[in-house]
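# Got a predicted model here, sequence first, then my questions.
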Amino acid sequence: YPSPLLQGMLTVSQSYAQLSGREDCYREALAAADPNVYFGAGGPPPYGFIFDDPMDNILIAMIAADALDKQGLLTGRIPAQLWSEAIRNVTYDSINSHVEFYPNGDRMVGIILIYFDAAAFQRGEEIQKTYATVEDGVFTKVRDIVWFSNTTEIPDLDIRPPFHYWSCDDGEKGYDETGKRITLHSPDGSDVDDIDADYHCDYFIDCQNMSDESKDCSTNYTALFIVFAVITVLLMLVVLLLVVFVIIFGIGLNYQRVRVASPPFLIILLLSIFVGYSSVFAFYGKPHPVACAFQPWLLGLPVISMIAVLSVKNFRLYRIFRFPLKRVKISNFEVFVLWTLVMIPAVIIVVLWMIISTPTADMRERDGTDHYVCTTGGFTGEPGGIVFFSIFVAYSTLVLVAGAVISVLARNIPSSFNESNLLTISIYNLGFLAAVIIPVFLVVQPFNPFIAWILRTCAVLYAFTATLLLQFLPMVAEVILINRCKNVTKAVVISQTSETDRIVSQHNSQ
């Protein structure tokens with residue numbers, strides 16, 4: 001009894017030109033022959049049908065040999081090429097088919113497409129049913145196929161496993177039971193909608209609207225970004241107000257308290273802090289190649305600029321007060337040249353970084369899953385980014401050490417001009433910033449970018465804000481609250497030896 005699983009199964013068979021007259025003649029001759037002389041004779045064929053192939057193979061060889069014999073070629077060894085040509089030239093009518101060959105040696109046959117009808121067995125019918133025939137390239141349908149469903153409706157053979165997905169646009173999780181209604185997108189672009197459900201609440205932002213990390217998650221990037229954006233923007237507004245303060249009281253009204261701090265370099269310091277604050281927004285949202293490329297510019301250079309401003313200012317004060325009884329003048333332009341010399345190597349490092357190991361965004365494996373993250377491109381790939389980052393950190397350390405040396409050398413200058421304490425605290429802040437950023441990017445970032453983002457942003461805001469308050473809070477408080485916006489001048493005591501003191505009035509930083 002045939003298995004029901006055979007229902008609708010397809011197979012193919014060769015179709016030869018039917019010669020029913022010869023088959024009937026063969027059957028009659030076989031039935032009339034003596035079974036003692038011809039095995040299987042005296043009745044119908046043993047297996048119910050005529051075997052063409054064995055007899056055809058023998059007859060083809062015999063006809064080909066006869067053709068070669070007529071050419072007198074059977075006296076010796078016959079080359080394979082002659083046998084092949086002789087066989088290809090054979091043509092005759094077999095018992096129930098016609099035998100002929102194409103020039104390439106293939107036999108001229110048609111094709112029969114057959115399907116199994118298991119239920120036909122119970123009806124006493126042949127279970128192999130002809131679906132269609134192909135003769136001379138012409139397809140002829142005979143009947144419809146009865147499939148496993150016992151209908152003639154073509155089944156869907158594209159069976160795929162169902163899956164859960166996350167819709168970025170709808171901000172909700174879905175389920176595709178067919179496995180093909182929804183097309184999953186790779187989160188490697190901005191126009192992404194349906195992504196794998198595993199991307200939901202995995203700490204990596206994969207949707208442009210951040211819905212995968214803000215809806216039904218223990219972490220909420222949207223709320224986090226709003227809070228830090230408000231804080232950062234307020235701090236940037238404070239910086240702008242301080243720029244106005246320095247321009248009015250330091251450049252316009254020439255107040256001593258502001259002038260001794262060098263107003264042009266206070267402006268540079270404020271601009272450095274302003275750009276440093278803006279670097280926070282380069283890390284917002286889903287990574288983008290442009291934002292990734294701007295991160296070293298917006299964060300690295302302001303850090304170098306800030307410590308360079310403080311260092312060159314202290315260097316000028318050290319040179320001026322190194323010999324108290326000798327008049328030494330260092331102009332703002334000369335100090336600006338020193339600041340530029342400190343900044344040039346940092347700019348060169350970043351420019352080479354952008355050219356050789358360009359920061360970009362691409363798909364990388366993070367915590368066992370591919371995510372769209374900031375990485376290194378350019379000519380070198382990822383190792384180059386680590387190399388240039390290390391070079392930049394090494395140069396930053398060199399600038400910090402130089403600033404520390406200047407701070408020690410300038411520790412004995414008059415208190416009204418002494419900024420060594422400021423430089424010392426700034427070195428601490430920048431050291432803290434580096435100590436946080438490096439572990440974040442090398443350890444925390446690959447598996448929990450949410451925590452990494454918080455630590456990095458807090459470190460950036462702390463470093464720049466601490467320097468901002470330390471430099472400007474005493475100055476603003478003294479000018480506005482203590483002096484009530486009046487230009488109060490103070491005498492400065494300069495000690496050359498333990499026995500000699502000299503009073504210098506209204507001394508400024510030139």
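Done, it's in.
# Can you identify each of the helices in the stretch 251-400 of the chain by residue range?
All helices of the stretch 251-400 of the chain, identified by DSSP state H, counting those that start in this stretch, fall at 256-259, 263-278, 289-295, 301-322, 332-356, 382-409.
# ok, and which of those helices has the densest surroundings?
Of those, the one with the most neighbours on average (mean count of other Cβ atoms under 10 Å) is helix 301-322, at a mean of 23. Heads up, the C-betas are built off the backbone N, CA and C, glycines and all.
# burial measure for Tyr115, as a count.
By other Cβ atoms under 10 Å, 21 other residues sit near Tyr115.
# Just to be sure, it is in a helix?
No. According to DSSP: H, G, I helix; E, B strand; the rest coil, Tyr115 belongs to no helix; its state is strand.
# confidence score at it?
pLDDT, Tyr115: 90.
# what's near enough to touch it?
Tyr115 makes contact with 8-11, 128-129, 131, 145-146 under the criterion Cβ atoms under 8 Å, 6 or more residues apart in numbering.
# Distance check, the residue nearest the centre of the chain against His185.
The centre of the chain sits closest to Met363, judged by Cα atoms, centre = their mean, with a distance of 1.3 Å. Relative to His185, Met363 is positioned 12 Å away (criterion: Cβ to Cβ, to the nearest Å).
# Show me how far stretch 123-143 is from its chain's centre.
Relative to its chain's centre, stretch 123-143 lies at 53 Å (Cα atoms, centre = their mean, to the nearest Å).
# Of all the residues in it, which ones are buried?
127, 129-131, 133 (16 or more other Cβ atoms under 10 Å).
# Helix 301-322 and whichever strand or helix holds Phe450, what's the angle between them?
For Phe450, the host element (DSSP states H and E) is helix 449-476. Between helix 449-476 and helix 301-322, the angle comes out at 30 degrees (axes from the mean of the first three to the mean of the last three Cα atoms, to 10 degrees).
# So in terms of bridging, what pairs with Val12?
As for beta bridges, Val12 partners with Leu113 under DSSP bridges.
# Hmm, it is touching Gln128, no?
No. The criterion here is Cβ atoms under 8 Å, and Val12 misses it with Gln128 at 11.3 Å.
# intersection of neighbour lists for those two?
Common neighbours of Val12 and Gln128 (Cβ under 8 Å, 6+ apart) are Ile114.
# Now do the contacts for Phe228.
Neighbouring residues of Phe228 by Cβ under 8 Å, 6+ apart: 280, 457, 461.
# Looking at neighbours, which among those residues is most surrounded?
With neighbours taken as other Cβ under 10 Å, the top of the contacts of Phe228 is Val280, carrying 24 neighbours.
# how about the nearest residue to it, chain neighbours excluded?
Excluding the flanking residues, the one nearest Val280 by Cβ to Cβ, 6 or more residues apart in numbering is Thr232, at 5.0 Å.
# mind checking the SS state of the one you found?
Under three-state DSSP, Thr232 falls in the helix class.
# Report the contact partners of it.
Residues near Thr232 by Cβ under 8 Å, 6+ apart: 277, 280-281, 461.
# Tell me the one of these nearest Gly40?
Gly40 has its nearest neighbour among those in Phe281, at 93.0 Å by Cβ to Cβ.
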